[in-house]
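Asks: Pasting the sequence and the predicted model now:
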Amino acid sequence: MYNENNENNELNINEEVTPETETVTSDEKPVKKERKPLSKKVKYRINFSTVAVLFVAVFVAINLLCGALSERINLNIDLTSGGLLSISDETKTVLKNLSKDEKIKIYSLVPDDIDNEYIKELMQKVEKIVERYPQESGNITYEKVDTVANPDFLTPYLEDGLMINQYSMIFECGDKATAVDLNKVLVMDSEGRSVESLSAEQEFTAAIVRVTSETAAKVGVVSDHEEAIDFDTMDQMVLSPENYEAVYVDLYSGTVAEDIDLIIIPAPTKDFDPVEIETLDNYLDNGGRVQLILESASDATPNLMNYLKEWGVATPAKGYVYETSPQRYIQYPTNILANVVESEITKGFVNDNTKLFNPAAKALDVSEVYGIESQNLLTSYSTAFAKFDPSTPADEKKPEDIEGPVVLSTILSKGGENPNRLMILGGSGIFSGFGTNVFANEDFYYNSIAYLTDAEEGVYIRPKDITPVVLPIPQFQANLIAILVVVVIPLAMLIAGLVIWNKRRHL
C-alpha cells in the first residue's frame, strides 16, 4: 500500500501539467493582490498634511506679493489722529496733475544712526510721510543716500547754491532742484519747548511745485524801516514754503523792477521818506499790488499814514482792540478772535466755525473815496471795542473808545481790467496763529497772497498735530480691562489649546 501510493505520488509529480490548468490566455490580466484600505487615521493625517502644506505655500505667496505691492501701493492703514501719516487731497491733486515727462527724484540725507530717540522717532514719521508720494504717483522715486559713504553725491547741489545739512531732503526734476530742511517741518509749541505738529506734507508738496513750475511769483519785501518781521522770516518761514521767490526791494531807489508781482511791507516801525512814498505810489498807479502790515504798537510812521488817507484809510485809535466776551478772546482781552468776512480771498475756507487769531490788533477806519473800491476782510465782533487812549485802564471802557465791530483788515483797488490792489492788515499779530490747526490764519494769509499775485490756485496744507491723544478711562474700567487682557484672555486661550490638544491626541 505504502509503495503503491508512493509510486502514484511520484507519477503525479512527474506528470506534465496540461495547458488547461496553467495556461493564461493573452486576453486575461494577471491577478493582483488586493490592497488593504487606508485607515481613517492615516487618511486624516494625509489630508491634514496636504492642507497644511498648501496653507503655508499660499501664505508665503501672499506675503511675497504684498511685499512687492507695498513698494508701489500703500497697504498701510493710518490710524493716527488727523491722518498724520496720510497725504491730503490737495497733495493728491498736485501729483495727479504732473505730466508724464515730469520725473521727480526725492533723496533723503537723514542718517539712520540718530542718538536722540525723540528726534529719531520724528524723522521716522517724516520719512513715512515722504514714502507716500511714490506710492501715489509713478512719476516720483524716493531714495535714501548715505553721504558719508558717498560724499560726492552732494557736490553738484552745493555748487548750485542749495543749503543742505544732514537733515535735508532734496527734490529734483530735470535741471531744477530744491532742498527742504527738515528742521522747518517741526512746528514748536508757543513756548518753543516741544514739537506739537509736523508741516512735512506742506513742505514736500511745495517743493514739488517749485521744481515743476516754470515760473514762481516774485515778491518784493521792504526791510529798511526796522520792520517787526525781518526779511529772512518772511522769506524762509512765510514765502518760500509756498513757492514764492522773495527779493529785497529798495523804495528809496525810486524804481521797482517790472517783474515784481507783489510788494510786502511787514510792520514798519520807522517812517518812510517822501521819495519812498512816491515810488510806492507810482508802483500802484502802474497796476502794482501791495500788502501793508501795520505795527500795532507804533505810531512812528506819519508819512505812511498820511498816504493811506488818500486811499480812505485811517487809524483813529492809538490802542489795541479789546474783546469783552470771554468766548472771543484767549487768556487776555487783547488776544482777540476775529470775524472772517466772506470775500474773494476767504470764500474757499470761510464758514460759521472759522476762527482767526489776531492779537494786538489795530483798528482801521475805512472811508469811501471816489474811484476806489474797498472790501473788508476781517472785523472784530460787536462785543469788542478799540481803545482810543492806551494810557487809560484796559478794563474801563471810555466814551471816546470806538465801539465794535471795527475793521481789522481791508483790501482796496482802483483801475479797470488790470486794477491795482492795496491790502492792509491792522497788526502783525496774525502770524501768531501760524502753525496750528485751530485757527485759519494761514488759510487767510496764503489765500490773500495768491489773490494779490493773481495765482490761479494756492496750495496750502495745514500742519498735522502729533500731540498724543489721551483717552480718559475711569479706574474701574482700567482695572476691568487689565484683568481681561492679563488673566481672562490668556486663560481662555490656554484652555482652548488644551482641549484641541486632547482631541488630536486620540486621533
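Replies: Sure thing, it's come through.

Asks: alpha carbons only for contacts and neighbour counts from here, please
Replies: Will do.

Asks: can you list the domains in the chain?
Replies: As given by automatic domain parsing, the domain ranges for the chain are 39-69, 83-214, 216-465.

Asks: Quick one, which of these gets closest to Leu491.
Replies: Checking the domains of the chain against Leu491 by CA to CA gives domain 39-69 as the closest, at 26.7 Å.

Asks: centre of the chain versus the closest one, how much separation?
Replies: 43 Å (CA atoms, centre = their mean, to the nearest Å).

Asks: 31 is where my numbering starts, stick with that
Replies: Yes, from this point I'll number from 31; that puts the last item at domain 69-99.

Asks: buried sites along it?
Replies: Residues of domain 69-99 classed as buried by neighbour count (16 or more other CA atoms under 10 Å): none.

Asks: any idea of the mean pLDDT in it?
Replies: Average pLDDT, domain 69-99: 79.

Asks: Equivalent analysis for stretch 209-216, please.
Replies: 83.

Asks: Also stretch 165-183?
Replies: Mean predicted confidence for stretch 165-183 is 90.

Asks: what's in contact with it?
Replies: Stretch 165-183 is contacted from outside by 101-104, 122, 125-126, 128, 130, 132-141, 160-161, 163-164, 184, using CA atoms under 8 Å, 6 or more residues apart in numbering.

Asks: Which neighbouring elements make contact with the helix or strand where Glu233 lies?
Replies: Using DSSP states H and E, Glu233 sits in helix 230-242. On a contact count with 3 or more CA pairs under 8 Å, 6 or more residues apart in numbering; DSSP states H and E, helix 230-242 meets helix 119-126, helix 147-166, strand 198-203, strand 206-211.

Asks: so of these, which one's packed in deepest?
Replies: Mean neighbour count (mean count of other CA atoms under 10 Å) peaks for strand 198-203 among the helices and strands packed on helix 230-242, with a mean of 22.

Asks: what are the pairing partners of that one, and which direction each?
Replies: strand 134-138 (antiparallel), strand 206-211 (antiparallel) (DSSP bridges).

Asks: Rebuild those as JSON lines, extending it with distance to Ala82.
Replies: Shown next, in JSON lines, are these (distance: least, CA to CA, whole Å):
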{"stretch": "strand 134-138", "distance to Ala82": "43"}
{"stretch": "strand 206-211", "distance to Ala82": "51"}
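
Asks: got the angle between the top helix by length along the chain and helix 147-166?
Replies: As assigned by DSSP state H, the longest helix anywhere in the chain is helix 70-99. Helix 70-99 and helix 147-166 meet at an angle of 90 degrees, taking axes from the mean of the first three to the mean of the last three CA atoms, to 10 degrees as the criterion.

Asks: got CSV for the helices and strands packed on helix 230-242, with distance to Val252 too?
Replies: Shown next, in CSV, are the helices and strands packed on helix 230-242 (distance: least, CA to CA, whole Å):
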stretch, distance to Val252
helix 119-126, 31
helix 147-166, 34
strand 198-203, 29
strand 206-211, 25
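
Asks: can you pull out the strands in the stretch 181-330 of the chain?
Replies: 198-203, 206-211, 216-218, 225-228, 248-252, 275-279, 292-296, 319-323 (DSSP state E, counting those that start in this stretch).

Asks: Select from those strands the stretch with the lowest mean pLDDT.
Replies: Taking the mean pLDDT of those, strand 216-218 comes last: a mean of 73.

Asks: ok, now which ones touch the residue nearest to Ala391 when sequence neighbours are not counted?
Replies: Spatial nearest neighbour of Ala391, excluding adjacent residues (CA to CA, 6 or more residues apart in numbering): Gly457 at 5.1 Å. Going by CA under 8 Å, 6+ apart, Gly457 touches 297, 323-326, 388, 390-392.

Asks: any weak-confidence spans in the stretch 431-537 of the chain?
Replies: Under the criterion pLDDT under 70, the flagged ranges of the stretch 431-537 of the chain are 463-468, 486-490, 492, 497-503, 536-537.

Asks: Let me see the ranges of the strands in it.
Replies: Under DSSP E, counting those that start in this stretch, the stretch 431-537 of the chain gives strands at 432-433, 437-444, 450-455, 494-495.

Asks: now the third one against strand 437-444, angle please.
Replies: Read that as strand 450-455. 170 degrees.

Asks: Just checking: what are the partner strands of strand 450-455?
Replies: strand 319-323 (parallel), strand 437-444 (antiparallel).

Asks: For the residue lying closest to Asn448 once chain neighbours are set aside, grab the count of nearby residues.
Replies: Spatial nearest neighbour of Asn448, chain neighbours left out: Gly317 (6.2 Å); criterion: CA to CA, 6+ apart. Here the number of neighbours of Gly317 (other CA atoms under 10 Å) works out to 18.

Asks: Read off the pLDDT value for Gly317.
Replies: For Gly317, the predicted pLDDT is 91.

Asks: That one contacts Gly446, correct?
Replies: No - contact criterion CA atoms under 8 Å: Gly317 and Gly446 do not qualify, at 9.6 Å.

Asks: ok, now how distant is the residue nearest to Asn450 when sequence neighbours are not counted from Leu228?
Replies: Using CA to CA, 6+ apart and skipping the chain neighbours, the partner closest in space to Asn450 is Gly317 (4.2 Å). In this view, Gly317 and Leu228 are 38 Å apart by CA to CA, to the nearest Å.

Asks: so who does Lys126 touch?
Replies: Taking CA under 8 Å, 6+ apart, one finds Ser167 in contact with Lys126.

Asks: how about 7 Å then?
Replies: Not one residue lies near Lys126 by CA atoms under 7 Å, 6 or more residues apart in numbering.

Asks: Ok, Gly317 next?
Replies: Gly317 neighbours (CA under 7 Å, 6+ apart): 448-450.

Asks: Give the PyMOL command for selecting the buried subset of those.
Replies: Listed next is the PyMOL selection for buried residues among the contacts of Gly317, using 16+ other CA under 10 Å:
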select buried, resi 450
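
Asks: Could you dump the contacts of Gly317 into CSV with distance to Asn532 added?
Replies: Output for the contacts of Gly317, formatted as CSV (distance: CA to CA, whole Å):
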residue, distance to Asn532
Asn448, 88
Pro449, 88
Asn450, 88
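
Asks: from the contacts of Gly317, which single one is nearest Ser253?
Replies: For those, the nearest to Ser253 is Asn450 (22.0 Å; CA to CA).

Asks: State the distance from that closest one to Ile441.
Replies: Taken as CA to CA, the span from Asn450 to Ile441 is 10 Å.

Asks: Distance of Ser229 relative to Ala347?
Replies: Taken as CA to CA, the span from Ser229 to Ala347 is 37 Å.

Asks: One more: Glu226?
Replies: For Glu226 relative to Ala347 (CA to CA), the value is 36 Å.

Asks: looking at the domains of the chain, which is closest to Ile519?
Replies: domain 69-99 (26.4 Å).

Asks: Out of the helices and strands packed on helix 230-242, which gets nearest to Asp303?
Replies: Nearest of the helices and strands packed on helix 230-242 (CA to CA): strand 206-211, 37.8 Å.

Asks: Could you pull up the contacting residues of Glu403?
Replies: Contacts of Glu403 (CA under 7 Å, 6+ apart): 442-444.
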